[in-house]
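Undergrad: give me the fold of what follows.
(4 chains)
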Protein chains: 2
Amino acid sequence: MSIITPKQGTLADIASHRLAHSIVTGELAQGQKLNEAELAERFGMGRGPLREALRHLEGIHLVKRIPNAGARVVVLDYKTRSDLYAIREALEGMACRLAATQMTPEEIEQLSRLLDTHEKQIQQQGNGGCYGQSEGNLDFHYQIVLGSRNEMLMRILGSEQYQLLRMCRFQTSRNAQRTSPALQQHRHIVEALAQRDGELAEMLMRRHIQGAWRSIIESQYKEEA
Amino acid sequence: MSIITPKQGTLADIASHRLAHSIVTGELAQGQKLNEAELAERFGMGRGPLREALRHLEGIHLVKRIPNAGARVVVLDYKTRSDLYAIREALEGMACRLAATQMTPEEIEQLSRLLDTHEKQIQQQGNGGCYGQSEGNLDFHYQIVLGSRNEMLMRILGSEQYQLLRMCRFQTSRNAQRTSPALQQHRHIVEALAQRDGELAEMLMRRHIQGAWRSIIESQYKEEA
DNA sequence: AATCTTTTAATTGTCGACAATTTAAATTGT
DNA sequence: ACAATTTAAATTGTCGACAATTAAAAGATT
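TA: Below is the predicted model:
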């Protein structure tokens, strides 16, 4: 929630954010046709700004536009999600390696405290805490991306892939048994960062993401090919 | 040239491509203000489609928009270019590793023939052949990305980073002395692909990109910090 | 009854005009 | 002459209406 800036500048920006939210949460089904007039009516604005919003969402690949045939919500099939996680592994691994040399001691300490918070949240609510799939989990990953000091990486991972990732979360049945392993892995990563061991941090992050992906495909190898 | 589809669908798409070309080639200077009315006039269209084009270009990060203050061409400073090459190293390395297991023998053979063509071109024109910075070089890299079979990777590397990379090329003074080393490295990469050695192919590609980056910063460590 | 053609409706693409905001210029005051 | 304030120009943001294209429905023909 803290990552995407809910800026309320132009109407196009507002529409873009509202649409992005609706798409990510599944409120707008995947593959659904997006009618310009209908959406403009619902958002209380003209079609101009809404079209600009659609063009922007097309840029960050949340919708797919076909000339003279309108825009549709993207469909996250198995292949797409698989590709997504493969890229995350490479990019977040790289972020981790860079973060090990770039993050300040204060930031690493702060990261550690973030994990403390997560641990308490899990213990309190006990059952429903599907940490591996939670939003807090994303915060952890994002903080490391910020620590890489690579702005282009922040863009790609933060603004674009992040949305698709959240979309995966909302369509995936959350399995709670990966809660403590994920937190444990996070702790190890922070430890590697504190020791300034970039190579180890990268490897741990890559394994962590691989584990998350395995967890996803294991918990739903019933549907789709 | 074969990568970006010069599709001529809606006016917004046309404007988007024309603007992208002007930006990449440096015809529109970095940081330059993009006046909507003026551009719409020049392209012979209304401001509506042009605004949509700007929104699209904002999505692929060729222009930077500020609400109520217009759009400007992005500026590729040292840090940005450095970040770009760091990401390329991670992503194209990954593409290479995947391509080693995914490309068909025919595709690898075709890649080898592409290098033969490049070699002849270099020998013919002799001097001006700054291969390391040429467009043909990009074709080689793109073919490997296609071979990775990761569509999201093709998107990121092909549509977005590719534009920024070409932009770097146009602003960088081309140095011809890196011609034969680059071709040589390409040959080694193809060899690794033919042997289905993904790890080696990745390492070779990473070094190749590192070399390209070093070549750039060495040939112009006069300007900017 | 099924298929092809024609007509109709719906949706997207485009333009021009107006409102709101920002930037530049001119004016005024010290 | 310099600074702050006010005024004017330019630019962006927004809307509504019309044209072009596509999708759907009605009708005709075998």
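Undergrad: quick one: strands adjacent to the helix or strand A:K64 falls within?
TA: Using DSSP states H and E, A:K64 maps to strand A:63-66. Note on strand A:63-66: by DSSP bridges, its sheet partners are strand A:70-73 (antiparallel).
Undergrad: for the helix or strand harbouring A:K120, packing partners?
TA: Under the criterion of DSSP H and E, A:K120 resides in helix A:105-125. Packing contacts for helix A:105-125, counted by 3 or more C-beta pairs under 8 Å, 6 or more residues apart in numbering or on different chains; DSSP states H and E, involve helix A:135-147, helix A:179-194. Heads up, the C-betas are built off the backbone N, CA and C, glycines and all.
Undergrad: do you know which of those helices lies nearest DNA strand C?
TA: Nearest of those to DNA strand C, taken as C-beta to the nearest atom of the strand: helix A:135-147 at 28.3 Å.
Undergrad: may I see the buried residues of the helix or strand following the closest one?
TA: Downstream of helix A:135-147, the next assigned helix or strand under DSSP H and E is helix A:151-153. Residues of helix A:151-153 classed as buried: A:152-153 (neighbour count, 16 or more other C-beta atoms under 10 Å in any protein chain shown).
Undergrad: what's the helix or strand just after helix A:151-153 packed up against?
TA: Next helix or strand after helix A:151-153 toward the C-terminus (DSSP H and E): helix A:162-171. The contact analysis (3+ C-beta pairs under 8 Å, 6+ apart) places helix A:162-171 against helix A:11-24, helix A:78-102, helix A:135-147.
Undergrad: could I get those as a markdown table with mean neighbour count, distance to DNA strand D and mean pLDDT?
TA: Listed next are the helices and strands packed on helix A:162-171 as a markdown table, based on neighbours: other C-beta atoms under 10 Å in any protein chain shown; distance: least, C-beta to the nearest atom of the strand, whole Å; pLDDT from 0 to 100:
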| stretch | mean neighbour count | distance to DNA strand D | mean pLDDT |
| --- | --- | --- | --- |
| helix A:11-24 | 20 | 3 | 94 |
| helix A:78-102 | 21 | 23 | 96 |
| helix A:135-147 | 19 | 27 | 86 |
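Undergrad: looking at chain A, which helix or strand is least sure?
TA: In chain A, the helix or strand scored least confidently by mean pLDDT, DSSP states H and E is helix A:162-171, which has a mean of 83.
Undergrad: could you check the angle helix A:135-147 makes with it?
TA: If you take axes from the mean of the first three to the mean of the last three C-alpha atoms, to 10 degrees, helix A:162-171 sits at 160 degrees to helix A:135-147.
Undergrad: outside of helix A:162-171 itself, list whatever touches it.
TA: Contact with helix A:162-171 is made by A:3-4, A:20, A:23-26, A:30, A:60-62, A:76, A:81, A:84, A:88, A:133, A:135, A:138, A:142, A:216, as judged by C-beta atoms under 8 Å, 6 or more residues apart in numbering or on different chains.
Undergrad: please point out which parts of that helix sit buried.
TA: Going by neighbour count (16+ other C-beta under 10 Å), the buried part of helix A:162-171 is A:162-169.
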